[in-house]
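*Asks:* Predicted model and sequence follow; I will ask about them next.
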Amino acid sequence: MSLTPLPALYAERRDRFRAEERALARRSLRFSIARFAAAFAFAVCLIAIVAKASEPATLGVPLAGAGVSLVAFLGLLGAHDKVIRAERRLGELGKIQKESLARLAREWDALPVPSVAVPGVDSPLARDLGLFGRDSLFQLLGTARTPPGKAALAGFLLAPAAPAEIRARQEAVRELNPELELRQGIEIGARTMDSASPDVEPFLRWAEGDPWLLPRRRGLLVAARALAVSTLVAFGFVVAGRLPFSVWAILPFVNFVLSFSIAKHVHEAFDRVAARERDFASYAELFRLLEGRRFESAKLHALGEAMTADGVSAYRQIDLLRRRLTLSDVRHSAPIHFVLQSLVLWDVHLLALLERWQVSAGRRARGWLSALGEVEALAALATLAHDEPEWTFPEIVETGTPEIRAEALGHPLLADAERVANDVALGPPGTFLLVTGSNMSGKSTLLRAIGVNTVLALAGGPVAAKRLALPPVTLGTSVLVEDSLATGVSFFYAELQRVRAIVDLAEAARGKGGTLLFLLDEILRGTNSAERQIAVAEILRRLLALGAIGAVSTHDLALADLPALRDAARTVHFRESFEEREGKTAMTFDYRLREGVAPTTNALKLLAMVGLAGGDPER
């Protein structure tokens, strides 16, 4: 089978990056050999120097050789490091292309399963629709790797956005769609954080906290500046012979005493920021990628503005903090630190620099990460839009009768070769879609397709449809219901609790002037058929009275004839076919939605197919 353009694109990039990685690996090997040769030459020269130490006149050549070999080794060290980093980057790029191919084919086992710890990831809605975990929508959108990126993307999926925000995200996703190099560049920078996520919370607590020195102890800073200037000026008088050294020595002594009295507070401040700044600085490369990017969409432009402080980009601010912290490392060298403290009270001035950063930029650091996370989440949606060019961006309809109209709607988690698309209509209020059909015919898949596409639509992403128009809705589902032995909850009671929660959602939506979209798959299976029909009719009556729209799947064909539901139900069905193949019955499905109630059932056929129909039970 010939490759489609997108698989061909990713396959070509994968092969190209692998070839370049192999070329760099060969170059890296040459560097390793050269480094070994330089180190060996340096060792030989050292041995020669030791051997000829008693003959100084003969040391010129080995000394020169040692110097040249040492300089060569150090130069090779820096150049080799660049090659190694480039080789690793190409290796990651190759993995990204491989994962992109797996994503197109929905080969879930070949994709990492991203974890995210935010409220709602284990909610009934998330479980019903397969939003998180293996074979999930979150795994499909798995290019978001940083903690804020994963949290932002999870928030997109769990919390429906307002219509204006949805349109703003759609515009941003469209702009990021063709930016393949930028999107994959962001993914490379984020991949290292997926398995070892940096803990930046301690750093953010310092950045958002109150400074110790400024402004409450500004007098101390003024005194430190005055003492530093006085000490240096007075030393000039000592050198000029106009001031006795013994008199001048009083000033370094005062500086040292003052330094000792505040050392505990100053060094604790240094340690708090230095211990966690490195974790925060791991985001610097991602900020660098976005620095200076001019985006057209209002959403991306606003996020770019949010990644600045006083007009300076987050990347520059992080680099400034890193350089200032480097100066604080002097305290680890006791002799040098003693001299600087005695002469100019070095730590006080450096702490003032760090706290100025804390005041001017630190309080925006959390906002930088939040904005970066949103960009990463939008890039994940843009990757989906890029990889599924036949999908569309939905239309959010805020006026008129709440209805959902979809053309060629399919399940986003199925591969193109497996996905069967159907036209679907839900609403207006007062009506619901009753989906009938036999076992395995596609009823549950249809409900999940509606639900997952709705989640994508309300997140601002593309949907697996030729066209989709929907109102702003609250989504309530009952698809995967489980009993609980630990809490003593039966299956039927668990179903009732889920349905009660959905009715509560409908009441809340109605109270806010909104609409609930309900998706109920074989509800109230835990009771007998007669009581079930009465209970289902009552539940649907309550939901429809609250202005909700939605779909219900069922095996129970009698539901369509209930007087309480007959006028409100629009019936559709899936159909199966049976064929005799080599003396055995084979069942096939086309997964095409048809009008009306299903004309057939297949439970007894399935019983026979697995050898459980007929025969002597004692045999």
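*Replies:* Thanks, I have the structure now.

*Asks:* any chance you could map the helices in the stretch 301-450 of the chain?
*Replies:* Using DSSP state H, counting those that start in this stretch, the helices of the stretch 301-450 of the chain run over residues 314-328, 334-344, 346-360, 365-387, 443-459.

*Asks:* and the shortest one, which residues are buried?
*Replies:* Buried residues in helix 334-344, defined by neighbour count with 16 or more other C-beta atoms under 10 Å: 337, 340-344. (Each C-beta comes from the backbone N, C-alpha and C, glycine too.)

*Asks:* Likewise for the first one?
*Replies:* By 16+ other C-beta under 10 Å, the buried positions in helix 314-328 come out as 314-319, 321, 324-325, 328.

*Asks:* quick check, nearest of those to residue 491?
*Replies:* If you rank the buried residues of helix 314-328 by distance to residue 491 using C-beta to C-beta, residue 314 comes first, at 51.7 Å.

*Asks:* Could you pull up the contacting residues of that closest one?
*Replies:* 287, 291, 307-308, 365, 368, 372 (C-beta atoms under 8 Å, 6 or more residues apart in numbering).

*Asks:* before we move on, the earlier item: residue 102: which of the buried residues of helix 334-344 is nearest?
*Replies:* Closest to residue 102, out of all of the buried residues of helix 334-344 and judged by C-beta to C-beta, is residue 337, at 53.9 Å.

*Asks:* Relative to residue 322, how far out is residue 367?
*Replies:* The gap separating residue 367 from residue 322 is 19 Å, by C-beta to C-beta, to the nearest Å.

*Asks:* Which one of the helices of the stretch 301-450 of the chain has the poorest average confidence?
*Replies:* Among those, helix 334-344 has the lowest mean pLDDT, at a mean of 83.

*Asks:* Need the contact partners of it.
*Replies:* Helix 334-344 has contacts (C-beta under 8 Å, 6+ apart) with 228, 231-232, 235, 252-253, 255-256, 259, 330-331, 346-347.

*Asks:* Of all pairs in those residues, which one spans the longest distance?
*Replies:* 235 and 331, at 22.5 Å, using C-beta to C-beta across those.

*Asks:* More neighbours: which of the two?
*Replies:* It is residue 331, of residue 235 and residue 331, that has more neighbours when counted by other C-beta atoms under 10 Å, with 21 against 16.

*Asks:* Any chance of JSON lines for the contacts of residue 314, columns neighbour count and distance to residue 5?
*Replies:* Shown next, in JSON lines, are these (neighbours: other C-beta atoms under 10 Å; distance: C-beta to C-beta, whole Å):
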{"residue": "287", "neighbour count": "23", "distance to residue 5": "33"}
{"residue": "291", "neighbour count": "15", "distance to residue 5": "32"}
{"residue": "307", "neighbour count": "23", "distance to residue 5": "34"}
{"residue": "308", "neighbour count": "20", "distance to residue 5": "38"}
{"residue": "365", "neighbour count": "24", "distance to residue 5": "42"}
{"residue": "368", "neighbour count": "24", "distance to residue 5": "37"}
{"residue": "372", "neighbour count": "26", "distance to residue 5": "31"}
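
*Asks:* Which one of those is nearest to residue 97?
*Replies:* Nearest to residue 97 among those, counting by C-beta to C-beta, is residue 372 at 23.7 Å.

*Asks:* How about residue 20: what's its closest non-neighbour residue?
*Replies:* residue 90 (5.2 Å; C-beta to C-beta, 6 or more residues apart in numbering).

*Asks:* how about that neighbour, phi and psi?
*Replies:* Dihedral angles of residue 90 (phi, psi; degrees, to the nearest 10) stand at phi -70, psi -40.

*Asks:* Just to check, it is in contact with residue 19?
*Replies:* No. Counting by C-beta atoms under 8 Å, residue 90 stays clear of residue 19, with 9.2 Å between them.

*Asks:* And these two? Which one has more around it.
*Replies:* Between residue 90 and residue 19, residue 90 has the larger neighbour count (other C-beta under 10 Å), namely 21 against 12.

*Asks:* Contacts only, for that one.
*Replies:* Residues near residue 90 by C-beta under 8 Å, 6+ apart: 17-18, 20-21, 24.

*Asks:* With residue 509 instead?
*Replies:* Contacts of residue 509 by C-beta under 8 Å, 6+ apart are 473-474, 515-516, 546-548.

*Asks:* Just put these in CSV and tack on pLDDT and neighbour count.
*Replies:* What follows is the contacts of residue 509, written out as CSV (pLDDT from 0 to 100; neighbours: other C-beta atoms under 10 Å):
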residue, pLDDT, neighbour count
473, 96, 24
474, 96, 19
515, 96, 24
516, 97, 25
546, 96, 19
547, 95, 18
548, 96, 28
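
*Asks:* now, among these, which is nearest to residue 222?
*Replies:* Nearest member of the contacts of residue 509 to residue 222, counting by C-beta to C-beta, is residue 474, at 59.2 Å.

*Asks:* Next, the contact list for that closest one, please.
*Replies:* Residues in contact with residue 474, defined by C-beta under 8 Å, 6+ apart, are 160, 505-506, 508-509, 514-517.

*Asks:* looking at this, it is in a helix?
*Replies:* No. Looking at residue 474 with DSSP: H, G, I helix; E, B strand; the rest coil, it is strand, so not inside a helix.

*Asks:* Tell me what it is bridged to.
*Replies:* residue 516 (DSSP bridges).

*Asks:* from what I can see residue 428 touches residue 401, true?
*Replies:* Yes. In this structure, residue 428 is within contact of residue 401 by C-beta under 8 Å, at 4.5 Å.

*Asks:* Tally up the residues packed near residue 398, please.
*Replies:* So residue 398, with other C-beta under 10 Å, has 10 neighbours.

*Asks:* no, scratch that, I was asking about residue 360
*Replies:* Around residue 360 there are 14 residues (other C-beta under 10 Å).

*Asks:* Next up, the contacts around it.
*Replies:* Counting by C-beta under 8 Å, 6+ apart, residue 360 has contacts 309-310.

*Asks:* Isn't residue 557 up against residue 573?
*Replies:* No. Checked against C-beta under 8 Å, the pair residue 557 and residue 573 is beyond contact range at 9.0 Å.

*Asks:* Between the two, which contacts overlap?
*Replies:* Residues touching both residue 557 and residue 573 (C-beta under 8 Å, 6+ apart) are 436, 597-598.

*Asks:* tell me the least confident of these?
*Replies:* residue 598 (73).

*Asks:* Now do the contacts for the residue nearest to it when sequence neighbours are not counted.
*Replies:* Spatial nearest neighbour of residue 598, chain neighbours left out: residue 573 (3.7 Å); criterion: C-beta to C-beta, 6+ apart. Residue 573 makes contact with 435-437, 441, 593-599 under the criterion C-beta under 8 Å, 6+ apart.

*Asks:* Could you rerun that using 10 Å?
*Replies:* 434-438, 441-443, 557, 560, 592-600 (C-beta atoms under 10 Å, 6 or more residues apart in numbering).

*Asks:* distance of it from residue 523?
*Replies:* From residue 573 to residue 523 the distance is 18 Å (C-beta to C-beta).

*Asks:* Next: residue 354.
*Replies:* Taken as C-beta to C-beta, the span from residue 354 to residue 523 is 60 Å.

*Asks:* No further queries at this time; thank you.
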